[in-house]
Structure formats: structure tokens, C-alpha cells
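Colleague: Attaching a predicted model along with its sequence, questions to come.
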Amino acid sequence: MNGIHDMGGVQDMGPIRREHDEPVFHAEWERRVFALFNAVPDVDEPYRRYQIELIPPADYLRMSYYENRLTALVQILTKTGMATPAEIESGKAVAGTATKHHVLTVAEVATWIVPDASPKLTAAAHFQAGQRVRARNMNPVGHTRLPRYVRGKIGTIERDADVEELQDSDIQGLGPKQQHVYSVRFAARELWGEQASPHDSVCVDMWEGYLESA
Amino acid sequence: MTTTRRDLLNAALTATAAAAVTPDLARAQELDHVHNHQAVPSDPALRVKALESLMVAKGLVDRAALDALIDTYEHKVGPRRGAQVVARAWVDHAFKQRLLTDGTAAIAELGYGGDTMVVVENTAKLHNLVVCTLCSCYPWAVLGLPPVWYKSAAYRSRSVIDPRGVLREFGLELADDVEVRVRDSTADLRYLVLPERPVGTEHMTEEELSALVTRDAMVGVAKVTLPREGAHA
């Protein structure tokens, strides 16, 4: 979706405001939103991201990071049927409405920060390092990880970086679900024209289905 | 397609209205973010408390797991992990080669994991800068949760089109002949910058070196400097 979240290249967002000795969280409710958003069962990360992207642009910009997550969390609960708007309004569960879910456990949380022993995904690679490629010009209305600012632009494959599952809502025409991800280097001038430094570049990680030979 | 999208947007609007804090409070919070965190309205605090109780009651989350998540990312994981990785690479050439070849595997040697990692080296002629223009992807495994500025619209939007201007805002002026390479984290790979080891640190131990390494240097918005040079981020 060509949404406000896809903001690479926008120039009028103001100065970057930094905080000295910034704490990890700024309020107790931010801690709880962080935990709830990451523990909500049975929805994957692309789906959670998409719910944030669906927040209307004016609200997305006005609200803080954790307010956006709270808003998306409420959406996830109501859209999936995990809770009703009435329950969220009252904070009280209606008897007999509980559904079955895999609930995140303390033991599972411990596995989040240690090396992962599961085997790597595999797929056939159709491009290789050094090859020139063009980012497809596509404008899907669902979730995608292809930023607008590279669409139609020509770059060079810097490295064949990984094999991952495609995260787009609509993978029709983008190839198999599991495919190579390449780090593609675009010259800054290819993206932004003569105003950019001739030495600079932007590397974007791209699923094979986002690319065509150039 | 259009109907689905409109339906989704309408649904989002309704819930946003239900969940939104008043614009004035939100704006006040944004403005006060740097100096006054007490200005966060109590409204979201109450709403989140009710939501958590509901989710626990409905069997969607386990409160102990929520506490563990918070404790993990507030106290266990943070930029000290990344600093250890960097210091090890500075003193152990073979480790550095493994780190640049397969970041995930080399970082696992220190017992750290959770992200598929790519480590990129900054040199006198090449400067890498990490951003996520689409959301807020960040190498939690070695840096913990990102600071507010990393997640801000200002940083996410401008880093790719004006990286030198962004670096200048962080107090880092790069010569014209230094190549700036911006890394937009659009897939599941997470980036850690291996900063240049400062001159004058030859006598330092790995532990002393790790104390010099800042989060900002590992995101690529700063260089590592000796304390007496000041300008620490």
C-alpha cells in the first residue's frame, strides 16, 4: 500500500530530535503495549505491521510509536475475533467467548535472544552478485516490503543475502512464497538525481519477486 | 479489492477514534517527549491496563510472559551486547572475518541470537548508515530496542535521500570523497555497523574497548571516539 509508513525520501518531517540518556521505555503503559503487541497470539509480523500501516495517515503521524501499536493491537483483536469492541470498551470478557490460542510462555521468551538452531530456508537463486536488476514498478494495495522510492530504478546486486518468506499480502505473480533476498545497491543519483553525491548509494534488501533483469 | 480496502480503513478509523488520545494531549506529548515524560496522558495508561486484563482473562496472553518480555528487552538485551561484538572484532582478526562473512553465526559464538545479522564495516573511505524507512526494524539481538529518534518520521524519511545532512545533524561531517552507503532494512536481515577502531587505542583491552563503543556508532550515525575527544553521543 502506498501509505504514509513508506516515507523514504520525504523531506519535510522536521529535525531529528534526540534525547540524552534515553530510557528504553518512557512510561509503564509503553512497557505493557510493547509486551502485548509482541505476545498477541496467532498473527505474524507482516500482519501486525500491516495493521499499523492501515492507521489513517494523519493519526499515524500524530500519535507516538506506542500509541500506534496500541491502536493496531485493538484492530488485531477485533478483526480476528479475539475480542469484541464491547469487551475492549468495558475491559471485561464476555463469558463463553474465549477462543483457543497458542499463548506465548516465559520459556519461549527466553529463546528469543539466543542463537536459533532451526535449519535455514532454501530456494533456487535466479540472480547473482554483480548483476544489474530493476525494481519492479508495482503498487499493491496490501502489505508489501518494496519501498516506493526504488520502484522502476536500476541497481546492482551486492550480495545474495538470505532466503526468506515473502511478506506481501498478495504474492500472486511474485513467485514462490520462499525465495532469495538480495541486497541491491542503488546509486544515490539513480534514486534522487544530480543533487545526490556521486559517491553515495542506498542498499535495499529485496525479495527476488521484486526484481527483474536490467 | 477497493471495497475490502475501504472496509479495512473504515474499521481502522472507528477503532482509532475509540483508541485515540485527544489531539492536544498527543501533540503535547510529542513536544514534551524530550524533556517531560510525565506529560504522557493518563488515558492510554488506563486503557492499556484494561486491555491487558481483558487479554489475560480471555486466555490470549500469560502475564508472566509479558513481564519476561519487558525484562528481557529493558534489562538483558541492549547495546552492550553489540559493543562486545565490536570490541572482539577489533582485537581478533579471525573473528572479524567470520563476523563480516556470516554475522549471525559469529554473533552466536558470544551466545547472542534472535536476528539474522549482517555486519558492515565502516572505514576511512566507506561509511554505512542503517535505517528502516518502512517501519522500525532494528537489530534487537545486539542493540536492544531502538531509541525514539530511530523510529521517528524525520530519521526514517530523510536518511535515504540526505544521509550527509542527517549525519551532520548528529555532528558528523564526512569528506566528499567518503562513500556513504545507506542500509534500508526492508527484509528480515538486521544490520550492525562495525565502526572504525579509533587511533590511540592500541594498548587497550577488549573490555576497555567495548566501553568506548556507542549505540550510535553501531547504527552508523557517529564514530567511536576516545573520551578525551569529547563529542560522545
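Modeller: Happy to help now that I have it. Numbers count the residues shown, from 1 in each chain, chains lettered A, B, ... in the order given.
Colleague: ranges for the strands of chain B?
Modeller: Secondary structure of chain B by DSSP state E: the strands cover B:116-121, B:126-131, B:179-184, B:189-194.
Colleague: nearest to residue A:64, of those strands?
Modeller: The closest of those to residue A:64 is strand B:126-131. By C-beta to C-beta, the value is 19.1 Å. Any C-beta I mention is one placed from the backbone N, CA and C, and that applies to glycine too.
Colleague: Dump that closest one to CSV, restricted to CA.
Modeller: Output in CSV follows, covering the C-alpha atoms of strand B:126-131 (Å, rounded to 0.1, in the frame of the first residue of the first chain):
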residue,chain,number,x,y,z
LEU,B,126,33.2,4.0,3.4
HIS,B,127,30.5,4.9,5.9
ASN,B,128,27.5,2.7,6.4
LEU,B,129,24.3,4.1,7.9
VAL,B,130,21.3,1.9,9.0
VAL,B,131,17.6,2.9,8.7
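Colleague: Against chain A, how distant is the spatially most central residue of chain B?
Modeller: Centroid-nearest residue in chain B: residue B:146, 3.1 Å away (criterion: C-alpha atoms, centre = their mean). In this structure, residue B:146 and chain A are 9 Å apart, going by C-beta to the nearest C-beta, to the nearest Å.
Colleague: Tell me the spacing between the residue lying closest to that residue once chain neighbours are set aside and residue B:77.
Modeller: Residue nearest to residue B:146 in three dimensions, not counting chain neighbours: residue B:138, with 4.0 Å by C-beta to C-beta, 6 or more residues apart in numbering or on different chains. If you measure residue B:138 against residue B:77 using C-beta to C-beta, to the nearest Å, the figure is 11 Å.
Colleague: So which of the strands of chain B is nearest chain A?
Modeller: Comparing these by their distance to chain A (C-beta to the nearest C-beta), the top pick is strand B:179-184, with 4.4 Å.
Colleague: Run me through the strand neighbours of that closest one, direction for each.
Modeller: Based on DSSP bridges, the pairing partners of strand B:179-184 within the sheet are strand A:201-207 (parallel), strand B:126-131 (parallel).
Colleague: pLDDT-wise, which helix or strand of chain A ranks last?
Modeller: Per-element confidence for chain A was summarised using mean pLDDT, DSSP states H and E. The lowest value among helices and strands belongs to helix A:85-90, with a mean of 92.
Colleague: Please state the offset of it from the chain centre?
Modeller: Distance of helix A:85-90 from the chain centroid (C-alpha atoms, centre = their mean, to the nearest Å) equals 28 Å.
Colleague: And the contacts of it?
Modeller: Helix A:85-90 is touched from outside by A:74, A:77, A:78, A:93, A:94, A:97, B:15, B:18, B:50, B:51, B:54, B:58, with contacts defined as C-beta atoms under 8 Å, 6 or more residues apart in numbering or on different chains.
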